[in-house]
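A.B. asks: Okay, predicted coordinates and the sequence, questions at the end:
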Amino acid sequence: MTIRSLTLPPSDAEVDGWQAVLAAAAAADLPGPPPPARVETAGRLGVAPVRGRPVLLAADEGAGVAGLLLFSEEANRHTAFLDVLAVRPDARRRGVGTALWERVREELLADGRTSVATMLDLGGPGQAFAESLGFENVLPMASYVQDVPEPRAVEVPATPGYTLLAWPGLTPDDWVRAQAVAHAAMEDAPTGDMDQHIHDGGAERLRAVQRLALDRGGELTTVAAVTDAGEVAAYTVLVLPDPSGPRAVQYDTVVVPGHRGHGLGRAVKQHMLRDAAGRFPALRTIATTVADENTPMRTVNEALGYRRERGTAVFQCKI
């Protein structure tokens with residue numbers, strides 16, 4: 001079994017091969033949600049991540065692929081994230097997954113990493129394979145999904161003392177530093193027993209992450225609750241990896257501690273839902289993941305009509 005490294009950025013043929021593996025694996029293992037569109041796959045493979053160095057691996061004859069992120073942040077130089085390890089269903093039980101993992105492990109050891117994490121659906125073949133390699137569940141989560149209604153059917157709660165603003169694309173220069181300050185509140189988000197540390201890179205890092213979503217071919221929108229004093233008290237981010245596709249992903253939702261208890265989390269999400277329903281006619285669902293121990297956010301999501309789609313978790317392995 002030969003495992004080769006893909007060129008960076010990959011060729012169109014390499015992207016097509018990667019996409020074929022993901023689509024086939026998703027159809028077999030996760031038939032509900034749509035598989036990633038080619039524009040999303042091409043963006044993720046072709047535009048380097050902000051947080052570190054990617055390693056892209058492919059097995060012979062398009063049998064399987066693996067994508068690894070080696071963090072460049074000093075606080076996370078000891079760990080890494082396995083973004084994907086997928087084997088085409090008709091090529092399974094032939095040692096392809098094991099060969100890909102052994103190559104991933106070699107990369108981790110060569111770069112001095114002592115652990116690696118990945119996100120898996122619970123109860124599927126990926127969990128069983130990962131546990132056979134020594135991965136353990138360190139952060140139980142679940143994926144939730146919300147249907148997108150007609151814009152006029154979305155009521156946004158009143159927010160006395162706060163103004164709701166929507167920013168398609170990059171956050172305006174006048175607000176990006178205030179949003180970065182608000183982002184620091186993510187430090188109290190549940191992380192379980194993960195080795196990875198939440199990294200707050202300030203306004204520069206925030207802007208780089210936003211550009212990454214756009215450079216990869218996606219659409220990005222931020223809705224914020226702001227004060228007259230120029231604070232961002234709460235915000236949420238929506239990303240459409242494929243702007244013409246039916247599914248979006250709700251990214252960060254943050255309410256700054258001093259502004260909690262005023263319904264701002266629900267308000268920014270409702271405003272986002274109404275905005276997205278009006279701007280993207282093909283959009284049908286919005287997905288998000290929430291840690292099981294994050295009761296406040298799960299409560300907000302349930303009130304907004306999110307339903308549990310499947311159990312997921314962050315699994316981690318010591319190297």
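C.D. replies: Sure thing, it's come through.
A.B. asks: Could you report the neighbour count for the residue lying closest to Arg284 once chain neighbours are set aside?
C.D. replies: Closest residue to Arg284 apart from its sequence neighbours, by Cβ to Cβ, 6 or more residues apart in numbering: Pro246 at 4.1 Å. C-beta here means a position set from N, CA and C on the backbone, and glycine is covered the same way. The local packing of Pro246 (other Cβ atoms under 10 Å) involves 15 other residues.
A.B. asks: Arg152 too?
C.D. replies: 9.
A.B. asks: contacting residues for it?
C.D. replies: Arg152 sits next to no residue when contact means Cβ atoms under 8 Å, 6 or more residues apart in numbering.
A.B. asks: Mind pulling up the pLDDT for it?
C.D. replies: Model confidence at Arg152, given as pLDDT, is 86.
A.B. asks: would it count as being in a helix?
C.D. replies: Yes - counting by DSSP: H, G, I helix; E, B strand; the rest coil, Arg152 is found in a helix.
A.B. asks: just to revisit the earlier point, tell me how far the residue nearest to Arg284 lies from Ala59.
C.D. replies: Computed as Cβ to Cβ, to the nearest Å, the Pro246 to Ala59 distance reads 30 Å.
A.B. asks: Thr288 now?
C.D. replies: Distance from Thr288 to Ala59, by Cβ to Cβ: 32 Å.
A.B. asks: same deal with Thr289?
C.D. replies: The gap separating Thr289 from Ala59 is 28 Å, by Cβ to Cβ.
A.B. asks: These two - which one has more neighbours?
C.D. replies: Counted by other Cβ under 10 Å, Thr289 and Ala59 do not tie: Ala59 has more neighbours, with 25 against 18.
A.B. asks: Count the residues that sit near the closest residue to that one other than its chain neighbours.
C.D. replies: Nearest non-adjacent residue to Ala59, counting by Cβ to Cβ, 6+ apart: Val96, 5.1 Å away. Val96: 22 surrounding residues under other Cβ under 10 Å.
A.B. asks: ok, Val96 - contacts?
C.D. replies: Contacts here follow Cβ under 8 Å, 6+ apart; on that basis Val96 touches Met1, Ala59, Ala63, Gly64, Val87.
A.B. asks: Kindly reformat those residues as JSON lines containing secondary structure, distance to Asn137 and pLDDT.
C.D. replies: JSON lines is the format used below for the contacts of Val96 (DSSP: H, G, I helix; E, B strand; the rest coil; distance: Cβ to Cβ, whole Å; pLDDT from 0 to 100):
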{"residue": "Met1", "secondary structure": "coil", "distance to Asn137": "29", "pLDDT": "83"}
{"residue": "Ala59", "secondary structure": "strand", "distance to Asn137": "27", "pLDDT": "98"}
{"residue": "Ala63", "secondary structure": "coil", "distance to Asn137": "28", "pLDDT": "97"}
{"residue": "Gly64", "secondary structure": "strand", "distance to Asn137": "23", "pLDDT": "98"}
{"residue": "Val87", "secondary structure": "strand", "distance to Asn137": "21", "pLDDT": "97"}
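A.B. asks: Narrow these to those that are buried.
C.D. replies: Buried residues within the contacts of Val96, counting neighbours by 16 or more other Cβ atoms under 10 Å: Ala59, Ala63, Gly64, Val87.
A.B. asks: Tell me which two in the residues you listed are the farthest apart.
C.D. replies: Within those, Ala59 and Val87 form the most distant pair, 7.7 Å apart (Cβ to Cβ).
A.B. asks: Need the overlap of contacts for those two.
C.D. replies: Val96, Leu100.
A.B. asks: beta partners of Leu164?
C.D. replies: When assigned by DSSP bridges, Leu164 has beta-bridge partners Ala225.
A.B. asks: can you list the buried ones among the contacts of Val96 in CSV and add distance to Leu109?
C.D. replies: Formatted as CSV, the buried ones among the contacts of Val96 follow (distance: Cβ to Cβ, whole Å):
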residue, distance to Leu109
Ala59, 20
Ala63, 24
Gly64, 21
Val87, 22
